[in-house]
Structure formats: structure tokens, C-alpha cells
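*Asks:* only geometry, no sequence info:
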């Protein structure tokens, strides 16, 4: 039996080595495929540039780097005041939101600030939407958190404490590994988005109808609410993944309610009431306030921000490539979900304010934002509806501040799409729910065209 145990360990090591080699081989194939597809897409454009005149080459540059087009024509007299006020207002919201969403992603709070800084600068250069608020978003954070907790669980960092005689978790090493996982999946999702933009994948926005977007975002909001219940009640439920994970989570939370921490529950209830009251007060006072009352910022402990403020500028570092083979599926799902949220809102605001959003350029913009963000150890970004609405209401007009406001009118078949999208997103999780919802929306289009 003693001889059998080392043999079993050797077999396990060989299996892990074989799986690692297989993963590296598949990753190499993926990289070469990306290079091949890039060449197929880039060569026609390069040959076109060699034969085109100066004005046409300038048009190509403007299409790839939109800031070259709109920034020289920026009207300071008309826009600068509104953009500055909107930027300050959203910055006030983003500070506590970024740290809170980092907790959802299961990484230290300061990385939410990094994710609100580096990727946004990249989108400023390459983005085409004037009104979406780019940065951390709850749905993306929940998806990232599922990956980080799966690949870097607490159990993997449990050590024996000789003093207490109990097992404790080395949170320092755990957080370092989770940051590496989040950066790797973010970098890879950015690569996917850039690649999809190069192959003109933007056509998919045709099937992202208004009811689909509304149903999807509402369903995603349910996931966010459920993810916060454990903090509200002060309990530690098991983290589930896959279809029906939300149902299993709710059932386990209900079973753990007798273990609720009353102090945590009271603080949570008071905080929620204060947030709602101040939000209603901001809406009531409206334009009489230069900026909304920053209740979220005031609610965050001052010492938490002061602790991390001195370390804001994060040095760049290449992602951990060995993790790519383990997160490739999650990265693709995150890239599609993040793009779906952003382009849906971007289209709505573009119609409302009378301009166009280039769907393929948005893919590339978000892809570059996430790719560069991954190098700076950020987690994946999308756009936030709440921050966008604040930016619009405070006078934002251009990409300098990214504002958004959305209204939906749903009738007949659209109501069906909304309800089905909501149910699928709640039951099947945001990634699978989005794919199934697009398929259902496409079926409704086909059905109506055949009548």
C-alpha cells in the first residue's frame, strides 16, 4: 500500500503534465489561427492603403481611430462644462462602484479602481459611442468572480497554523493568484473581441432588439442582487455555476438564514434605505444640484480608500499564459456578453441623439480596452446604465464623459421576447442566456417575415 501511493501520485503528475501539454498545444493552435485570420483581414486593407490616395487613407485612419475625427472638431464653448460636470459626477459614483464590483470579481478592492482607469483611456481613443459609460459593471464582475473562485478556491490556499492548531487561508497568496486569473481571462476576452471585430462580427447587433436588451439586463440584475445576499445576511453559501445556479444559490441562502449575522443585516438594511432615500432626493432636486449627492462615496469607509490611494498606478505585467487554456471558454463568453451589453445601449443612445455607432469598431475598442487592461491587471469592463444616466442628466454630450439614457417601448411580440430573455438569463446564467435569447429573437424575426 505504501508503494502504491507514490505510484498513484506519479500517475496524477503524468496526467497533469499531459493535460498541460495538450492545453499549450491547443493554445498554440489558437494563436496561429488568430494570426492567420488577422492576416486574411488585414492584407486586403493594406493592399488598399498602398493603392489609395491621401484622402482615402485618412478616411481609413479616422475609421480605425475615431478620436482623430471628433477631437479636432470638439466645441469647448458648448460641451466642456457639461462634460466636466458629468465626468465628476460619474467619477464620484465610480469610486465606490469600482471597489464593490472588484469584490464581486473576488479580487482586492483596489483593482476595481485600476479597471476604471486604464481601459477607459483606451476606449476614449477607439470608441464611437458618445453616451455609454465605460468601466466596471456588475454582470461582468460576477462572471469574472466565477472564474477566479473556480481556479483559485480558498481550499487551495489553506495552511496549518501551529499556534491555533487550525487550518487558515493564506489570503495574500490567494488574492495574488486570483488577480492573475482575472487578468488572464480579461486579456484573452479582449483578444477575442478584437478578432471578432476584424472579421466583421458586428452584424450580430441586428438581432439585439430592444425587448431582448431590456429582458437580458433585467435578468442580469437578478443575478447581481442574488450575489449580494450573502453580504446582506452575513452568511457564506456555496458558489454554484452552470444552468440553474441562481436557483441553487437562493435555496442554499434560505437554508442558511437561521445563521444570519444580525449586526450585518441591520447595517445592510440601513444602508439600503439611505441609498434609496438619497437617490429619490437627487431625482427630486434634479437640475438644482450641480452634482448628485455622492451617497455611495460617503458610504464607503474613508480609510479603505486612503489605504489604496497611494498605490493607484499599477505597473504593466504580461498575463499568466499558462492559465489561458483553462479560461478560454469563460473569456469568449465574457467577451460576447460585455460587447452585447455595450452595443445594445450604444445603439439606443445613438438613435435617441441622432448619430451612428460602428458595431465593428466598438468590438475593436472594447477588445483593445480589455487587452491593455489585462496587461495592467484589470478585470473585464463593459458599460454601466446607472452611471450613464447620471452623465446624461448632468449635461454630458460627447465621448469626453460617455453618458447614457435609455427608454424602451415594448408591444405585442416584443413583450414575449422580453419575458423569454429575462427567464433564460435568470435560469441559464448571463452567458448562455444571451446566446439563447438571441436565437429566440432571431426565430421571432423569421416567424414574422413568413406571415
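*Replies:* Good, I have the coordinates. This structure is a prediction, so every number in the text was calculated from the model and none was measured. Numbers count the residues shown, from 1 in each chain.

*Asks:* after the lowest-mean-pLDDT helix or strand in the chain, which helix or strand is next?
*Replies:* The least trusted helix or strand in the chain, going by mean pLDDT, DSSP states H and E, turns out to be helix 302-309, with a mean of 46. Moving toward the C-terminus from helix 302-309, the first helix or strand encountered (DSSP states H and E) is helix 324-353.

*Asks:* by contact count, what packs against that following helix?
*Replies:* When contacts are defined as 3 or more C-beta pairs under 8 Å, 6 or more residues apart in numbering; DSSP states H and E, helix 324-353 packs onto helix 4-51, helix 138-151, helix 171-198, helix 210-233, helix 359-375, strand 382-384, helix 385-393, helix 413-450. (C-beta placed from N, C-alpha, C; glycine too.)

*Asks:* got a list of what residue 175 touches?
*Replies:* Going by C-beta atoms under 8 Å, 6 or more residues apart in numbering, residue 175 touches 107-108.

*Asks:* just residue 371 next, same as before
*Replies:* For residue 371, the contacting residues are 187, 190-191, 194, by C-beta under 8 Å, 6+ apart.

*Asks:* distance-wise, check it relative to residue 254.
*Replies:* Note on residue 371: its distance to residue 254, by C-beta to C-beta, to the nearest Å, is 41 Å.

*Asks:* what's the answer for residue 279, then?
*Replies:* 28 Å.

*Asks:* ok, these two, which is more surrounded?
*Replies:* More crowded of residue 279 and residue 254, by other C-beta atoms under 10 Å: residue 279, with 15 against 11.

*Asks:* secondary structure class of that one, three-state.
*Replies:* helix (DSSP: H, G, I helix; E, B strand; the rest coil).

*Asks:* let me know the pLDDT of it.
*Replies:* Here the pLDDT value assigned to residue 279 is 76.

*Asks:* quick thing: my sequence starts at 20, can you match it?
*Replies:* Got it, the first residue is 20 from now on, which makes the last one we talked about residue 298.

*Asks:* residue 101 should be in a helix, yeah?
*Replies:* Yes - under three-state DSSP, residue 101 sits within a helix.

*Asks:* what's the distance between it and residue 124?
*Replies:* Shown here: residue 101 relative to residue 124, a distance of 32 Å by C-beta to C-beta.

*Asks:* pLDDT check: weakest of the contacts of residue 390?
*Replies:* Among the contacts of residue 390, residue 213 has the lowest pLDDT, at 85.

*Asks:* number of nearby residues for it?
*Replies:* Residue 213, neighbours per other C-beta under 10 Å, totals 21.

*Asks:* so what's it up against?
*Replies:* Residue 213 neighbours (C-beta under 8 Å, 6+ apart): 382-383, 386-387, 390.

*Asks:* make a markdown table out of the residues you listed and add distance to residue 202 and pLDDT.
*Replies:* Listed next are these as a markdown table, based on distance: C-beta to C-beta, whole Å; pLDDT from 0 to 100:
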| residue | distance to residue 202 | pLDDT |
| --- | --- | --- |
| 382 | 21 | 83 |
| 383 | 20 | 84 |
| 386 | 15 | 85 |
| 387 | 15 | 84 |
| 390 | 11 | 85 |
